[in-house]
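**Q** Sequence first, predicted coordinates after that:
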Amino acid sequence: RKEVEQDPGPFNVPEGATVAFNCTYSNSASQSFFWYRQDCRKEPKLLMSVYSSGNEDGRFTAQLNRASQYISLLIRDSKLSDSATYLCVVNKGGSGGYQKVTFGTGTKLQVIP
Amino acid sequence: DARVTQTPRHKVTEMGQEVTMRCQPILGHNTVFWYRQTMMQGLELLAYFRNRAPLDDSGMPKDRFSAEMPDATLATLKIQPSEPRDSAVYFCASGLVETGWQPQHFGDGTRLSIL
């Protein structure tokens, strides 16, 4: 089983729709979680961190479910510019110490006019 | 905006040849990561350095890959001899251990094709 798993998609959604992605992780010792965005043929960029209590940044909401070991990303009112691959990232270990960073393989989102 | 710089952007070479990829991290960042991305495997961590010392290179095939950081402004990833299965996009990223390495700032990548 992979340490971090994502549905590769693609998720094809119309503009204005709400879409959600999940990412499961296998190691219960994982401590911090993030979503990155990667546009076609570009480098990954941090989209948002995922906090235990859930957090929102504009149209984007991230949530963590430690009991079931998954994180989610919800995008409301999808825009064409949201079309990209969304990578889930899991860090095992604490800040300042040895850490292992694992990226998921990504979920591709295509927003259709 | 400060950026991670990678060279070359593209490399096409024949199998058996040596390939060297270079990375200049963001000034002041104390951790450098090397990743490989393919359609099948996604983004795989090959190795990373903290304050120029190798911390973990368990993701790297040791027989042909080597990673070094001769100074704070240069990290290198070398493949010798190269094989067609090494064809991928290789990303370098840098960050600060004090922030849990987030965000990681990625370079544009080196698109490597081994014929």
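**A** Cool, got the structure.

**Q** okay, CA-based contacts and neighbour counts for the rest of this
**A** Noted.

**Q** Can you mark which positions in the helix or strand of chain B with the lowest mean pLDDT are buried?
**A** None of the helices or strands of chain B scores lower by mean pLDDT, DSSP states H and E than strand B:53-56, at a mean of 82. Neighbour-count burial for strand B:53-56, counted by 16 or more other C-alpha atoms under 10 Å in any protein chain shown, picks out B:54, B:55, B:56.

**Q** can you put these in CSV and add distance to chain A?
**A** As requested, the buried residues of strand B:53-56 are arranged in CSV below (distance: C-alpha to the nearest C-alpha, whole Å):
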residue, distance to chain A
B:54, 12
B:55, 8
B:56, 9
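
**Q** wait, what's in contact with the spatially closest residue to residue B:53 that is not a sequence neighbour?
**A** Closest residue to residue B:53 apart from its sequence neighbours, by C-alpha to C-alpha, 6 or more residues apart in numbering or on different chains: residue B:69 at 7.5 Å. Counting by C-alpha atoms under 8 Å, 6 or more residues apart in numbering or on different chains, residue B:69 makes contact with B:49, B:52, B:53, B:75, B:76.

**Q** what comes up buried for whichever helix or strand comes after the least confident helix or strand of chain B?
**A** Using DSSP states H and E, the helix or strand that follows strand B:53-56 towards the C-terminus is strand B:65-71. Across strand B:65-71, burial judged by 16+ other C-alpha under 10 Å covers B:65, B:66, B:67, B:68, B:69.

**Q** ok, back up a step: what's the offset of the least confident helix or strand of chain B from the middle of its chain?
**A** Its chain's C-alpha centre and that of strand B:53-56 lie 13 Å apart, by C-alpha atoms, centre = their mean, to the nearest Å.
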